[in-house]
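*Asks:* quick one: sequence and predicted model below, then my questions.
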Amino acid sequence: MTTASLAVQSVWKSFGTESVLRGIDLDVNEHEVVVLIGASGSGKSTLLKCINGLEPVDAGRIMLDGDLDVTAFRTDLDAVRRRVGIVFQAYNLFPHMTVLDNVTLGQRKVLKRSSDEADDRARRLLARFGLEDKAGEYPDRLSGGQQQRVALVRAVAMSPEILLFDEITSALDPLLVGEVLDAVRELKEEGLTIVMATHEMGFAREAADRVCFLDQGVVLEAGAPDQVLVNPIEQRTREYLARFLG
């Protein structure tokens with residue numbers, strides 16, 4: 001048995017009177033890529049934010065490697081975010097800072113790396129993702145795909161144990177989606193543990209170890225990509241996939 005890097009146990013989350021997560025259970029093993037699919041409002045983004053500690057849960061527990069309870073009252077959330085990185089569809093780059101400064105800031109301030117160490121790691125990662133010549137540019141001089149790749153590099157530079165991706169291609173021109181998904185493929189090949197919400201079904205079938213279909217705040221169906229995406233059991237899953245694959 002592989003030790004679970006992440007264990008989501010009976011997690012509930014409401015906003016006002018609306019229950020967005022209704023008893024979510026999800027284990028993610030080390031080096032596994034789990035893709036979350038489901039309609040807007042199904043709870044994917046909220047689940048990712050709860051895992052990262054950006055949203056508190058109303059009930060249930062989220063454990064990292066069995067030793068850090070994200071949901072505990074006195075948990076140091078900075079410690080959580082050093083271990084769990086998250087990238088959103090909005091790139092959230094600092095517009096007044098160069099690409100290099102965007103990538104080194106967290107390393108210096110949070111991880112306390114020296115400027116030379118942070119700079120070296122940033123430049124190596126930028127080169128690996130085809131952004132070596134963009135280190136001195138500001139975000140508004142980059143394409144959407146380039147900005148999203150910088151956001152990926154910034155997250156990877158923090159050496160997280162788990163990376164969360166929240167619809168990272170949904171704001172991109174279709175021509176730019178491929179370059180961002182290629183970057184995610186590289187991270188998968190390195191063995192990073194990834195939980196990714198996406199509408200890119202072709203990518204999910206190719207890259208995921210497991211696909212989870214969320215519907216109205218529950219994991220309605222989960223399994224291997226070929227089972228969930230090609231031969232789903234649940235009628236709601238079939239109806240959802242018909243929009244993309246029909």
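*Replies:* Now that the structure is in, tell me what you want to look at.
*Asks:* what are the boundaries of the strands in this structure?
*Replies:* Along the chain, counting by DSSP state E, strands occupy 4-15, 18-29, 33-37, 59-64, 68-69, 84-88, 162-166, 193-197, 210-215, 218-223.
*Asks:* could you check how far the residue lying closest to Ala90 once chain neighbours are set aside is from Tyr91?
*Replies:* In space, and not counting its chain neighbours, Ala90 is closest to Ala171: 6.7 Å by CB to CB, 6 or more residues apart in numbering. Where you see a C-beta, it was placed from the backbone N, CA and C, and this is true even at glycine. Distance from Ala171 to Tyr91, counting by CB to CB, to the nearest Å: 8 Å.
*Asks:* more neighbours: the two, which one.
*Replies:* Tyr91 (22 against 14; other CB atoms under 10 Å).
*Asks:* pLDDT weak spots in the chain?
*Replies:* Applying pLDDT under 70 to the chain picks out residues 1-4, 245-246.
*Asks:* give me the phi and psi angles of the residue nearest to Ala90.
*Replies:* In terms of degrees, to the nearest 10, the main-chain angles of Ala171 are phi -90, psi 0.
*Asks:* the strands of the chain: which one's closest to Pro139?
*Replies:* Comparison of those against Pro139 by CB to CB identifies strand 84-88 as nearest, at 14.3 Å.
*Asks:* which neighbours do Ala171 and Tyr91 have in common?
*Replies:* Jointly contacting Ala171 and Tyr91 under the rule CB atoms under 8 Å, 6 or more residues apart in numbering are Gly144.
*Asks:* ok, back up a step: so can I have JSON lines of the strands of the chain showing mean neighbour count?
*Replies:* Compiled in JSON lines, these are given as follows (neighbours: other CB atoms under 10 Å):
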{"stretch": "strand 4-15", "mean neighbour count": "18"}
{"stretch": "strand 18-29", "mean neighbour count": "18"}
{"stretch": "strand 33-37", "mean neighbour count": "25"}
{"stretch": "strand 59-64", "mean neighbour count": "18"}
{"stretch": "strand 68-69", "mean neighbour count": "16"}
{"stretch": "strand 84-88", "mean neighbour count": "22"}
{"stretch": "strand 162-166", "mean neighbour count": "24"}
{"stretch": "strand 193-197", "mean neighbour count": "24"}
{"stretch": "strand 210-215", "mean neighbour count": "23"}
{"stretch": "strand 218-223", "mean neighbour count": "18"}
